[in-house]
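> Give me a 3D structure for the following:
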Amino acid sequence: MRDLENPTTLPDDEVDISALLQTLWNGKFWIVLAALIGLALGGYYTLRIATPYYTATSVVMLESRQEQVVDIESVVTGLGGDQLTINTEVEVLQSRGLIRKLVDELGLIDDPEFNGYLQEPSRFSIGGVIGLVLGSDDDPEPVSEETILNGVVNNVLGTISVANVRQSYVFQITAVTQSPEKSALIANTLADLYILDQLEAKFQATEQATEWLSGRVSELQAALENAVGAVKDFNAETDLISPETLSLLNRQLKEQRDRLTDIRAAQVAAQGQLTTLNAAISTNDLTEIARIAEDRTFDRLLTAQANGQEGAEAAIATRIDQIRTRISQEEARARQQIATLTTAIAELENQITRQSADLVTLQQLEREAEASRLIYEFFLNRLKETSVQQGIQQADSRVLSRAVIPGGPSAPRHSVFMMISLVMGGLLASAGLIIRELLQNTFRTAEDLESHTGITVMGQIPQIPARHRRGVLDYLSEKPTSAASEAIRNLRTSLLLSNMDQTTQIIMSTSSVPGEGKTTQSIALAQNLSGLGKKVLLVEGDIRRRVFSEYFSIDKDHGLLAVLAGDVTLDEAITHNDQLGADILTGEKSNINATDVFSSQRFKDLLRDMRAQYDYVIIDTPPVLAVPDARVIGQWVDAILYTVKWDETSRQQVSEGLRSLESVNIRVSGLVLGQINLRGMRRYGYGKGYKDYQGYYDN
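Predicted structure coming up:
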């Protein structure tokens, strides 16, 4: 099944640029007209309405180099040349504080250009229109002076711009007002105030620094005196030794601690030796005793005993007692020395701790006094330097060139504004044309209709200029060479040649909705076919709305339903119209279900009889979206013409109508774009073909 929702030429997410350009070309008249209107409006505005403005510019340079009269650091350092500093100074020049000084200096609060409360309301302003409509004569509510001043500052800010000349320390101060003298005055005054503001800032900072330093020096002098007094008082109250003596005491303490460690080791060794000796004596192990004692006398006694010398054993026993006594005495002396040294060390540690604390306190007091002295001297020197600076302050900027009174207005620029108005008018018209084209939901060309449906457009029928429906045949008969007549002939040719393999005998004409011109087209096609000498039958397939009576004068009461019911024969029901040159079978209003009628065998038999008697049978059926009659009849015909009204039938209606036929496997033979408004075609830019060929038509 064809995709009837999306065009077959372009994907959804693409735009046909050539089609948009064609749209603009088709609407070139409106674009040119809008551009000329824009040009006229722009010229009228610039010459008659717009207020002229004058621009004046003064130039200020940032001094990155300062004169060094004396080698003293300033309280406020000079400005640097980095980009941050430059940007900051641009903001300073546009600050509200500086602009407020400008307003006060020049009395701009009394200038109606900046003080809106002094201006007479225009009749065309919002306030003037409201007052005119409401007719209010009440006095406005009073406004505070601060509010007025803030409004003036805002307005002055809007007229001033400051720009840094690229890759330089230069600032351009530009003022734009309604007076050339005022513009120059504002630009020059702002430059002077900026430099004066720098000097005032330095004077004020130096004065404040001097005052603060004076108070601080007095405080520091008192603090220094207190610190020196504290050192003296502490020296008088304590008995301090020197740091060198304290170092000797620490060295003595270390020596005594080392000696105590050695004595403790000797005491432990003697005690262990005594314990081992007692154990050897208990076992009478003389060899072990000799090893422990390391006594030569004992060794000789052992030798004597071994040689069997008399009295050696008694001497050995005595010598063992002497050895044990000696070792016990050594262990006792070691313990006595440990106790003595421990007491001495403790006393020496206490002395050192006390002296160290006092010395630390004294040193802290001395450091504090020295720090107080250094701080006092620094601030005292700085106070003297600051006092000297008060007379040698320099601004960080200077005026390079003062603004001159402009010789002519800078705005509006008549030629530029008019050119912009011309372009804007054309652009607005172009945008309108493109938007209208993008929002278009109808069909204006056969190409668009074919692209949307994928079905061939067999005919393009212009509107028939008849005042009423009965005048359609008169017009076609009287104007056989008119554009409408030629369009019907083209439709006939396309229809007959569309299927050379099968005879096109029964033709159904339908549409999406009523009022699309399918009936007029059916009548015109019947007249054209009869003009070929063919026998043609025109059947009114709409048994709900009988519209043939609006085109023809028919006296017979019997019609299609009577034939199907068998009340009359086909020959008895038909009416021949000489102007049409064809027979007519009208419909009949009835409560019978039309779907049942056209699905019946009798209707099929009737179509067979019509084929036998006529060369062509044209059945005018109801719209597809209104009733299902066309979907039923379409199954028995040879060709189907589907009429779409020019620039009126929506794309959705056409898609739904064709889809309803395809749902029952009915193929539309061709589309007809009907009731084309030739003037409208030319207005949209699509009527060039008709214009080129209008010499062939007699309308």
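> Count the residues that sit near residue 427.
14 (other C-beta atoms under 10 Å). From N, CA and C alone the C-beta is placed, and that goes for glycine too.
> do residue 650 as well
15.
> roughly how far apart are the residue nearest to it when sequence neighbours are not counted and residue 645?
Closest residue to residue 650 apart from its sequence neighbours, by C-beta to C-beta, 6 or more residues apart in numbering: residue 441 at 5.0 Å. Distance from residue 441 to residue 645, counting by C-beta to C-beta, to the nearest Å: 13 Å.
> Between the two, point out the one with more neighbours.
residue 645 (23 against 10).
> Double-check that residue 647 belongs to a strand.
No - secondary structure of residue 647 (DSSP: H, G, I helix; E, B strand; the rest coil): coil, not part of a strand.
> which non-adjacent residue is nearest it?
Using C-beta to C-beta, 6+ apart, the closest residue to residue 647 is residue 442 (4.8 Å).
> wait, doesn't the residue nearest to residue 650 sit right on residue 648?
No - taking contacts as C-beta atoms under 8 Å, residue 441 lies outside contact range of residue 648: 10.1 Å.
> count of neighbours near residue 555?
Neighbours of residue 555 under the rule other C-beta under 10 Å: 5.
> those strands in the stretch 501-650 of the chain, which residues are they?
506-511, 536-540, 575-577, 582-585, 616-620, 639-645 (DSSP state E, counting those that start in this stretch).
> same question, the chain
54-62, 160-164, 170-177, 397-401, 457-462, 506-511, 536-540, 575-577, 582-585, 616-620, 639-645, 670-676 (DSSP state E).
> contacting residues around the nearest residue to residue 330 once chain neighbours are set aside?
Once flanking residues are discounted, residue 330 sits nearest to residue 270: 4.8 Å by C-beta to C-beta, 6+ apart. Residue 270 is in contact with 327, 330-331, 334, counting by C-beta atoms under 8 Å, 6 or more residues apart in numbering.
> again, but for residue 280
Residue 280 makes contact with 288-289, 292, according to C-beta under 8 Å, 6+ apart.
> Residue 614 now?
Taking C-beta under 8 Å, 6+ apart, one finds 505, 535-537, 583 in contact with residue 614.
> Next, count neighbours for residue 398.
Applying other C-beta under 10 Å, we find 12 residues neighbouring residue 398.
> Give me the below-cutoff pLDDT ranges for the stretch 1-150 of the chain.
Across the stretch 1-150 of the chain, residues meeting the criterion (pLDDT under 70) sit at 1-16, 19, 64-81, 121-140.
> go again using 50 as the cut-off
In the predicted model, the stretch 1-150 of the chain carries pLDDT under 50 at residues 1, 4-13, 67-72, 75-76.
> Helices of that one, start to end?
17-26, 28-44, 83-93, 96-106, 126-134, 145-159 (DSSP state H, counting those that start in this stretch).
> And the strands of the stretch 501-650 of the chain: which comes nearest residue 357?
Shortest distance between residue 357 and those, using C-beta to C-beta, is found for strand 639-645: 113.6 Å.
> tell me what that closest one is packed against?
Packing partners of strand 639-645 (3 or more C-beta pairs under 8 Å, 6 or more residues apart in numbering; DSSP states H and E): helix 483-497, strand 506-511, helix 518-530, helix 651-662, strand 670-676.
> Same question for the first one: list its buried residues.
When neighbours are counted by 16 or more other C-beta atoms under 10 Å, the buried residues of helix 483-497 are found to be 483-489, 491-492, 494-496.
> How far does it sit from its chain's centre?
58 Å (C-alpha atoms, centre = their mean, to the nearest Å).
> hang on, the earlier thing: which residues are in contact with the residue nearest to residue 647?
646-651.
> circling back: please tell me how far the residue nearest to residue 330 sits from residue 516.
Taking C-beta to C-beta, one finds residue 270 at 137 Å from residue 516.
> Same check on residue 364?
111 Å.
> Which of the contacts of residue 614 sits closest to residue 82?
residue 505 (94.8 Å).
> Quick check: closest non-adjacent residue to residue 543.
Counting by C-beta to C-beta, 6+ apart, the residue nearest residue 543 is residue 587, at 4.3 Å.
> follow-up on the earlier one: out of the strands of the stretch 501-650 of the chain, nearest to residue 211?
Once these are compared by C-beta to C-beta, strand 639-645 is nearest, at 93.9 Å.
> Please work out the average pLDDT along that closest one.
Strand 639-645 shows a mean pLDDT of 97.
> what pairs with it, and is each one parallel or antiparallel?
Using DSSP bridges, the strands paired with strand 639-645 are strand 506-511 (parallel), strand 670-676 (parallel).
> tell me the most buried of those strands?
Mean neighbour count (mean count of other C-beta atoms under 10 Å) peaks for strand 506-511 among these, with a mean of 26.
> before we move on, back to that, let's have the strands of the chain in JSON lines, adding distance to residue 249.
Converted to JSON lines, these look like this (distance: least, C-beta to C-beta, whole Å):
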{"stretch": "strand 54-62", "distance to residue 249": "68"}
{"stretch": "strand 160-164", "distance to residue 249": "73"}
{"stretch": "strand 170-177", "distance to residue 249": "74"}
{"stretch": "strand 397-401", "distance to residue 249": "69"}
{"stretch": "strand 457-462", "distance to residue 249": "124"}
{"stretch": "strand 506-511", "distance to residue 249": "126"}
{"stretch": "strand 536-540", "distance to residue 249": "140"}
{"stretch": "strand 575-577", "distance to residue 249": "149"}
{"stretch": "strand 582-585", "distance to residue 249": "146"}
{"stretch": "strand 616-620", "distance to residue 249": "136"}
{"stretch": "strand 639-645", "distance to residue 249": "122"}
{"stretch": "strand 670-676", "distance to residue 249": "124"}
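> Can you tell me which of those has the worst average pLDDT?
Minimum mean pLDDT among the strands of the chain: strand 397-401, a mean of 89.
> picking that back up, how about the contacts made by the residue nearest to residue 650?
650-652 are the contacts of residue 441 under C-beta under 8 Å, 6+ apart.
> And it, how far from residue 653?
In terms of C-beta to C-beta, residue 441 sits 9 Å off from residue 653.
> quick revisit: so which of the contacts of residue 442 is the closest to residue 47?
Distances from residue 47 to these, taken by C-beta to C-beta, are shortest for residue 647, at 41.9 Å.
> Please parse this structure into its domains.
17-50+412-439, 54-67+75-202, 243-389, 446-694 (automatic domain parsing).
> Out of those domains, which one sits most buried?
Mean neighbour count (mean count of other C-beta under 10 Å) peaks for domain 446-694 among the domains of the chain, with a mean of 18.
> So what's the gap between that one and the chain middle?
Worked out by C-alpha atoms, centre = their mean, domain 446-694 lies 57 Å from the chain centre.
> can you tell me which residues contact residue 569?
residue 563.
> Would you mark the buried spots in stretch 397-407?
Taking 16+ other C-beta under 10 Å as the criterion, stretch 397-407 shows 397, 399, 403, 406 as buried.
> need those in CSV with distance to residue 114, can you?
Listed next are the buried residues of stretch 397-407 as CSV, based on distance: C-beta to C-beta, whole Å:
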residue, distance to residue 114
397, 26
399, 24
403, 18
406, 19
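> Hmm, residue 287 and residue 299 touching each other?
No - using C-beta under 8 Å, residue 299 is not in contact with residue 287, being 10.6 Å away.
> and stretch 203-218, average pLDDT?
On average, stretch 203-218 scores 81.
> Numbering from 16 from now on, please.
All set: I'll call the first residue 16, so the last point we hit is now stretch 218-233.
> Can I get that stretch in CSV, CA atoms only?
Extracted in CSV, the C-alpha atoms of stretch 218-233 (Å, rounded to 0.1, in the frame of the first residue of the first chain):
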residue,chain,number,x,y,z
PHE,A,218,44.7,61.6,49.2
GLN,A,219,42.0,59.9,51.2
ALA,A,220,43.9,56.7,51.5
THR,A,221,47.1,58.5,52.6
GLU,A,222,45.2,60.6,55.1
GLN,A,223,43.5,57.6,56.6
ALA,A,224,46.8,55.7,56.7
THR,A,225,48.6,58.6,58.5
GLU,A,226,45.8,58.8,61.1
TRP,A,227,45.8,55.1,61.7
LEU,A,228,49.7,54.9,61.8
SER,A,229,49.8,57.7,64.4
GLY,A,230,47.5,55.8,66.7
ARG,A,231,49.3,52.6,66.1
VAL,A,232,52.8,54.1,66.8
SER,A,233,51.5,55.4,70.2
